[in-house]
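Colleague: need a structure here:
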Amino acid sequence: MKSRKKIIPYNPELKQMARQLRNKGTLGEVMLWRRLKRSQFMGYDFHRQKPLLSFIVDFYCPRLNLAIEVDGNSHVRTDVSAKDFDKQVALENYGMNVLRFTEKQVRFKMDDVLHSIELYVRNYEENASV
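Modeller: Predicted coordinates:
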């Protein structure tokens, strides 16, 4: 019997903000999206700027239960990094996994970023088949 996908609740007020964020992504987000969209990354479907719980994550793959965050320069500020921490804890408490990359990593070390995501996927697939 195939397991049903877990539906993750979200604040509907975030839908409009998510649309706006999709239209004004950072260069790193746009570059990574080009590699993830249309199920071209290992056959998995990713969503961009996806509302989950009371947050918006940069990328989300429901089959992998994976959120990917690309942190720009503002994320080094104490108030922003505290919000990032709270967001990650809430998502992980809900059973999701979170991978974080800096804007600089995505822009200048894309192969390393994609390799990290691939390692996550391979580990997920191995554990799912057990």
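
Colleague: For the lengthiest helix in the chain, the averaged confidence score.
Modeller: If you go by DSSP state H, the chain has its longest helix at helix 110-128. Mean pLDDT, helix 110-128: 96.

Colleague: Give me the phi and psi angles of Ile8.
Modeller: phi -100, psi 120 (degrees, to the nearest 10).

Colleague: Test my guess that it contacts Phe55.
Modeller: No. Distance between Ile8 and Phe55: 10.5 Å, which falls outside the contact criterion (Cβ atoms under 8 Å). From N, CA and C alone the C-beta is placed, and that goes for glycine too.

Colleague: Quick check: chain neighbours aside, which residue is closest to the most centrally placed residue in the chain?
Modeller: Geometric centre of the chain, nearest residue: Ile68, 2.2 Å, by Cα atoms, centre = their mean. Ranked by Cβ to Cβ, 6 or more residues apart in numbering and with sequence neighbours excluded, the top spatial neighbour of Ile68 is Phe59, at 4.1 Å.

Colleague: This completes my enquiry, with thanks.
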